[in-house]
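> need a 3D model of the following:
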Amino acid sequence: MVMDRWIIAVSFAAILASNLPAELVHRYSFNGNCNDSVGTSHGTLVNGTGQARFANGQLTLGNNGSQTSTGSAIDYVDLPNGIISSLGKQATFEAWVTWTGSSMWQRIFDFGTSSAGEGYSASSSNTTYFFASPLGGASVLRFGYRYGPAADERVMDGPVFGSGQRHIAITWNEDTAETVMYLDGVRVASGLVHFTLASMTDNNNWLGRSQWVDPMFCGSYNEFRIWNHAMTDEEVLVSFNRGPDSIPLLLLDVQQTDGTTSVEEGKASDSISIRLKKQPTANVQVTLTPQTEDVELNGGFPGDPITLTFTPANWAVAQTVQLVAVQDDLEEGDEVCSVAFGIVSADPDYNNGYVLPLSVFIVDYVVHPCPAGDINGDCEVTLDDLQLFAMQWLDPAGCSGLYCGDLIGGDG
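So this is what the prediction gives:
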C-alpha cells in the first residue's frame, strides 16, 4: 500500500503596489525641476556646465568625464541639509539612473560632509558619509559608508553596473544593524551598520558629486526616492517592477500561523487570512490562482482560482483562504510552486495592482510499500517477523498459511 502525504509550507509575500505610502518622505521625479513632490525638501540643480537639461521626466547632467568635484563648471543636484540625519533609525534610498561615464568613483549619490565642510569636496578621511558609485574600487557597483571619528569605512560591492537605465536601492536598518544593496530588484550585497544616521553632519547631500576629489557623474536621473523605513526584499522587488512612475503601497495584509502555513495530507488544512489595509472607494476583487494542480483553495478543484470580494464597508474584515495538497500516487520530490494574484476594481488605487506571487513549498512525503518478509505490518523485517513465521508457518498446529500442507507432508 502506498500512502502519499504532502506538506505545504507557504511563504506569503503578497505585496500590492499602488499609490503613495506614508513611508515615502522625499521624491524627486525631475519633471522640469528638482522639486520634492512628497515633502518640501526641494533640490537645487547646479548647472555649472550650462548643459544640464530636463527632458521626458529625466535630468541629464552635462558632465563629460573631464570634471572633478572641486571644479566650478560641474553639474549636480544639491539636496537640503538635514534630510538624512532626520530620517530616524531606518531608511531606503532608491534611484533609477542611466550611467554613461567610464571613470571610477563617480557618484550616484553622496550624503554627509567633507573635511572642508559645506559646499566643498576634499579629503574626507575623518568625516561621516555614505555613497553609491557605479564603478568603485573593485570596478563594480559599490556602496561605501564611513564613520569619521573612528576613520572606519566599510564597503559593499555588487555586480558590474552595466549600461542602460538601472534601478539601485540601499536600505539602512539600525534596529537590525544591517544595510543591503539591490540592483534591479535583486539583493546583491549586505553589510553591518556601525553608526547612526542621527550622528551625521549632512550638509553635503549630493546627487552626482563626491565628498572627495572625484570625477563628476555622467548620465541621467529618472527618479530618486528617500523612504523612512528599510524596505524588505519583496518591497524592493515590487518597487522595481512598478518602475519610476508608480509608487508601491502595501495594501494587502496577510496573516499566517507562526509566520508559515503547513498542510499535511489527510489532516485538517491550515489557513491564511487576507484583508485590505486601505479603504477602497469601490469593491475590490482579489483572485488567487494556483499555478499547479497540486494545490486546492477553499475546497475547490485542484488548480482552480478563488475570488475574494472586499467592499468599502468590509475592507478591514479578514477573509480566510484554506490551502490543501492534492494526494496522488506519484513520487515527485519536493517542489516550489506559486499562487498568482489578480486585482480588479473601479478604484484606480487597486485596479490591476501588482502583487507578488504566493510562494508554496511542497514537501512530497511518500511511504513506500512494506518490504518482502514483513509479516507484522510495521514495514520492517526483524526477529519479530521471524518469530511470527515460526509460530504461524512452521508449527503445524497453528498453520493457517496458503501452503500449510507442505508443513505437514502435503504436496501443496
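> contacting residues around A73?
Going by Cβ atoms under 8 Å, 6 or more residues apart in numbering, A73 touches 48-49, 67. C-beta here means a position set from N, CA and C on the backbone, and glycine is covered the same way.
> now with 6 Å?
Contacts for A73 (Cβ atoms under 6 Å, 6 or more residues apart in numbering) come out as 48-49.
> surely it is within a strand?
No: using DSSP: H, G, I helix; E, B strand; the rest coil, the assignment for A73 is coil, not a strand.
> what's the distance between it and C218?
Using Cβ to Cβ, to the nearest Å, A73 is found at 14 Å from C218.
> just D385 next, same as before
From D385 to C218 the distance is 79 Å (Cβ to Cβ).
> of the two, who's got more company?
The neighbour comparison of D385 against C218 (other Cβ atoms under 10 Å) goes to C218, with 23 against 17.
> my guess is the more buried one contacts T100. True?
Yes: contact criterion Cβ atoms under 6 Å: C218 and T100 qualify, at 5.0 Å.
> now for those two: what residues contact both?
By Cβ under 6 Å, 6+ apart, no residue touches both C218 and T100.
> ranges for the helices of the chain?
With DSSP state H as the criterion, the chain has helices at 233-242, 383-389, 404-407.
> okay, those, which one's buried deepest?
helix 233-242 (a mean of 21; mean count of other Cβ atoms under 10 Å).
> which strands or helices does that one pack on?
Contact here means 3 or more Cβ pairs under 6 Å, 6 or more residues apart in numbering; DSSP states H and E; on that basis helix 233-242 packs against no helix or strand.
> domain assignment for this structure?
Listed domain ranges for the chain are 3-17+250-367, 24-242, 372-412 (source: automatic domain parsing).
> between the two ends of stretch 49-59, how far is it?
One end of stretch 49-59 sits 14 Å from the other (Cα to Cα, to the nearest Å).
> next one: that stretch to chain centre, how far?
Relative to its chain's centre, stretch 49-59 lies at 32 Å (Cα atoms, centre = their mean, to the nearest Å).
> and it, what's buried?
49, 52, 58-59 (16 or more other Cβ atoms under 10 Å).
> would you mind measuring from R146 to V355?
39 Å.
> ends of stretch 324-340, what's the gap?
End to end - Cα to Cα - stretch 324-340 spans 16 Å.
> can you check stretch 98-114 too?
26 Å.
> next: stretch 145-162.
22 Å.
> ok, now stretch 269-289?
18 Å.
> what about the strands in the stretch 51-200 of the chain?
53-55, 58-60, 75-79, 90-99, 109-112, 129-133, 142-147, 152-157, 165-173, 178-183, 186-192 (DSSP state E, counting those that start in this stretch).
> in CSV, list the ones you listed along with mean pLDDT and distance to F301.
Shown next, in CSV, are the strands of the stretch 51-200 of the chain (pLDDT from 0 to 100; distance: least, Cβ to Cβ, whole Å):
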stretch, mean pLDDT, distance to F301
strand 53-55, 98, 53
strand 58-60, 98, 49
strand 75-79, 98, 55
strand 90-99, 97, 42
strand 109-112, 98, 52
strand 129-133, 98, 50
strand 142-147, 98, 49
strand 152-157, 96, 48
strand 165-173, 98, 40
strand 178-183, 98, 39
strand 186-192, 98, 36
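> dump those to TSV, plus distance to A282.
Formatted as TSV, these follow (distance: least, Cβ to Cβ, whole Å):
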stretch	distance to A282
strand 53-55	36
strand 58-60	34
strand 75-79	38
strand 90-99	31
strand 109-112	40
strand 129-133	41
strand 142-147	42
strand 152-157	44
strand 165-173	32
strand 178-183	34
strand 186-192	35
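> quick one: closest of the ones you listed to G208.
Nearest to G208, of all the strands of the stretch 51-200 of the chain, is strand 75-79, at 3.8 Å by Cβ to Cβ.
> run the chain-centre distance for that closest one.
30 Å.
> my guess is G219 contacts S102. True?
No: G219 lies out of contact with S102 (Cβ under 6 Å); the separation is 10.9 Å.
> which residue of the two possesses the greater neighbour count?
The neighbour comparison of G219 against S102 (other Cβ under 10 Å) goes to G219, with 21 against 11.
> let me see the contact set for the more buried one.
Taking Cβ under 6 Å, 6+ apart, we find G219 in contact with 98-100.
> can you check L388 too?
By Cβ under 6 Å, 6+ apart, L388 lies in contact with 375-376.
> can you check V326 too?
By Cβ under 6 Å, 6+ apart, the contact set of V326 is 294, 302.
> same thing with L87?
Each residue near L87 by Cβ under 6 Å, 6+ apart is listed here: 197, 228.
> cutoff 8 Å now
Contacts for L87 (Cβ under 8 Å, 6+ apart) come out as 25, 197, 226, 228.
> may I have the phi/psi pair for it?
As for L87, its main-chain torsions (degrees, to the nearest 10) stand at phi -70, psi -20.
> next one: it, what pLDDT does it get?
Looking at L87, its pLDDT reads 96.
> renumber starting at 36 from here on
Done: numbering now begins at 36, and the last item shifts to L122.
> where's it relative to Y180, distance?
Counting by Cβ to Cβ - L122 and Y180 are separated by 14 Å.
> just to revisit the earlier point, separate out the buried members of the contacts of L122.
Here, 16+ other Cβ under 10 Å leaves 60, 232, 261, 263 buried among these.
> could you find the closest non-adjacent residue to the third one?
The spatially closest residue to I261, leaving aside those adjacent along the chain, is H61, at 4.0 Å (Cβ to Cβ, 6 or more residues apart in numbering).
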